[in-house]
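kindly generate the corresponding structure for this input.
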Amino acid sequence: LDPPIFEYNGNIKDDNEVYSIVINQKRQPQTISDLKTVKQLVLKRYNEYLSLNGKLENITQLNKKNANRSELDTLKGCYKNGCDVLNALKTTLVANAGKCPYCQIHGGLNKRDHYLPKAIFAEFSIFSLNLVPTCDICNEIKPEQVFNQTGRRIIHPYYDQINNHRFLFAELSIHDNAPV
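Below is the predicted model:
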C-alpha cells in the first residue's frame, strides 16, 4: 500500500502541518492547551516512527513523565472528535485504497485501523502512517496487541511489501448441491 499523500485546501500537507491545523481548528481552550503542550513531543514521536522504517517493535510507550493523563486523553480524542482537516484525511485514506491491505479480499473500505493502538500510543492517533484503511471484518478481528516476544504479529501495509503472486490455491466442487 502506498503511503498516503494528503491534500488539504489545494496543498499537500505532511503530518506536522496536519497537527498544527488540528490545533487551530479546535475550539475548547483545554484541548488547544493540551495539544500545544505536547506538540514538540508528538512531532518527535512522528520522526521516531518514520526513522524506524516499519520496525515498530522497537518503539517505546510514552510514560507519565512525558505527558499527563489529560494530554493523552486529548490526543486520543483528536481522532474521534474530528475537525475539517482530520475528516478530509480520513476520507483520503479510504478513497485511495482498493482492497483491504490486511486480507486483500474486501473493497469498499470505510474503516481506518490504528496500526499502533491509540489506547496505548495516543500520540499516533492522527498520524497518517499509523492509520490504515481496512474492511469492517479486519478492523474487528485485528488484535490490539501488535507485538509479541518475537516481534511484530501483524503486517504493516505501508512498510511491508506483500507479494502480488498467488500463494494459496483451492478447488471447490459442487456435488448434490453441496460443496465438496
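
which residues touch the worst-scoring helix or strand of the chain on mean pLDDT?
Ranking every helix and strand in the chain by mean pLDDT, DSSP states H and E puts strand 151-152 at the bottom, with a mean of 73. By CB atoms under 8 Å, 6 or more residues apart in numbering, the surrounding residues in contact with strand 151-152 are 56-57, 146. Every residue, glycine included, has its C-beta placed from N, CA and C.

look up how far Y159 lies from the closest residue to I59 other than its chain neighbours.
Of all residues not flanking I59 in the chain, L52 sits nearest, at 6.1 Å (CB to CB, 6 or more residues apart in numbering). According to CB to CB, to the nearest Å, L52 stands 9 Å off from Y159.

likewise L56?
8 Å.

so for those two, which residue has more residues nearby?
L56 (22 against 16; other CB atoms under 10 Å).

what residues are up against that one?
Taking CB under 8 Å, 6+ apart as the test, what L56 contacts is 49, 115-116, 146-147, 152, 156.

model confidence for it, exactly?
For L56, the pLDDT comes out at 90.

one more: Q149?
Listed pLDDT for Q149 reads 74.

that one: neighbour count?
If we define neighbours as other CB under 10 Å, then Q149 has 4 of them.

quick one, phi psi at the residue nearest the centre of the chain?
By CA atoms, centre = their mean, the chain has its centre lying nearest to L131, at 1.7 Å. L131 adopts backbone torsions of phi -100, psi 120, taken as degrees, to the nearest 10.

one more: the one 10 residues further on?
Dihedral pair for I141: phi -100, psi -10, per degrees, to the nearest 10.

strands of this structure, start to end?
Secondary structure of the chain (DSSP state E): strands at 6-8, 11-13, 111-114, 131-134, 147-148, 151-152, 174-175, 178-179.

returning to what we had before: now, of the contacts of L56, which are buried?
With neighbours counted by 16 or more other CB atoms under 10 Å, the contacts of L56 contain buried members at 49, 115-116, 146, 152, 156.

rewinding a little: single out the most deeply packed of the strands of the chain.
A comparison of the strands of the chain by mean neighbour count, using mean count of other CB atoms under 10 Å, puts strand 131-134 on top with a mean of 25.

next, give me the two most distant ones among the buried ones among the contacts of L56.
Distance extremes for the buried ones among the contacts of L56: the farthest pair is Y49 and R152 at 13.8 Å, using CB to CB.

ok so, going back, least confident pick among the contacts of L56?
The model is least sure about R152 among the contacts of L56, giving it 73.
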